[in-house]
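S.K.: pasting the structure only:
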């Protein structure tokens with residue numbers, strides 16, 4: 001199975017959805033094993049856009065959740081075995097999913113950091129290489145992942161991941177059949193990793 005960087009996979013996607021949207025709850029797919037504290041929703045905008053909202057409640061302080069997203073060591077515990085993070089606006093998160101691969105080897109994924117507010121917000125945009133679906137490569141400049149970190153009284157963190165920039169088409173809706181369970185699985189690993197250390 002192909003693995004795409006969490007840019008939807010965790011998360012990709014564009015412009016904010018229209019203020020008037022209709023939200024559609026997506027039932028868990030058979031292969032998804034997400035805990036009840038993880039949910040996914042597709043938001044369809046009137047302009048023909050599609051946003052994938054994925055939410056996870058992690059019973060760990062926001063500083064720990066932020067570190068899992070923004071440090072090499074943190075990322076390796078749940079998202080990819082090889083990672084190199086340059087945490088700054090204009091920086092990158094470079095990953096490779098090969099068992100013995102190194103950053104820079106063929107197959108290295110690059111996610112650009114468009115903005116970064118410590119322990120509050122990340123906006124990411126993936127470079128879409130040849131293995132990505134053609135429709136996503138066509139829309140690459142619009143696809144972003146906006147990740148909001150909500151501190152819940154220092155005891156837990158709500159992650160809201162908005163994959164924006166998708167078009168509301170059958171082809172993109174079909175891609176959600178991959179992205180939704182893949183991202184939910186990553187959130188589940190993240191929860192297990194962080195909550196087991198509490």
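M.R.: The structure has been received and is ready for your questions. As the structure is a prediction and not an experimental result, all values here were calculated from the model.

S.K.: tell me what the host helix or strand of residue 125 is packed against?
M.R.: Taking DSSP states H and E as the criterion, residue 125 maps to strand 121-126. For strand 121-126, the packing partners by 3 or more CB pairs under 8 Å, 6 or more residues apart in numbering; DSSP states H and E come out as strand 109-117, strand 144-152. Where C-beta positions appear, they are placed from N, C-alpha and C, glycine not excepted.

S.K.: and the longest strand for this protein?
M.R.: The longest strand of the chain (DSSP state E) is strand 156-167.

S.K.: packing partners of whichever helix or strand comes after that one?
M.R.: Scanning forward in sequence from strand 156-167 by DSSP H and E, the next helix or strand is helix 170-195. Under the contact definition 3+ CB pairs under 8 Å, 6+ apart, helix 170-195 sits against strand 38-45, strand 49-58, helix 62-70, helix 134-138, strand 156-167.

S.K.: adding mean pLDDT and mean neighbour count, write these out as TSV.
M.R.: Shown next, in TSV, are these (pLDDT from 0 to 100; neighbours: other CB atoms under 10 Å):
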stretch	mean pLDDT	mean neighbour count
strand 38-45	94	19
strand 49-58	96	22
helix 62-70	97	19
helix 134-138	93	14
strand 156-167	97	22
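
S.K.: now these in JSON lines, with distance to residue 193?
M.R.: Formatted as JSON lines, those follow (distance: least, CB to CB, whole Å):
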{"stretch": "strand 38-45", "distance to residue 193": "14"}
{"stretch": "strand 49-58", "distance to residue 193": "9"}
{"stretch": "helix 62-70", "distance to residue 193": "7"}
{"stretch": "helix 134-138", "distance to residue 193": "28"}
{"stretch": "strand 156-167", "distance to residue 193": "13"}
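
S.K.: quick check: which of the ones you listed is nearest to residue 191?
M.R.: With CB to CB as the criterion, residue 191 lies closest to strand 49-58 of these, at 5.3 Å.

S.K.: show me what that closest one is packed up against.
M.R.: strand 38-45, strand 156-167, helix 170-195.

S.K.: and the angle for the strand holding residue 125 with strand 144-152?
M.R.: Here strand 121-126 points in a direction 160 degrees away from that of strand 144-152 (axes from the mean of the first three to the mean of the last three CA atoms, to 10 degrees).
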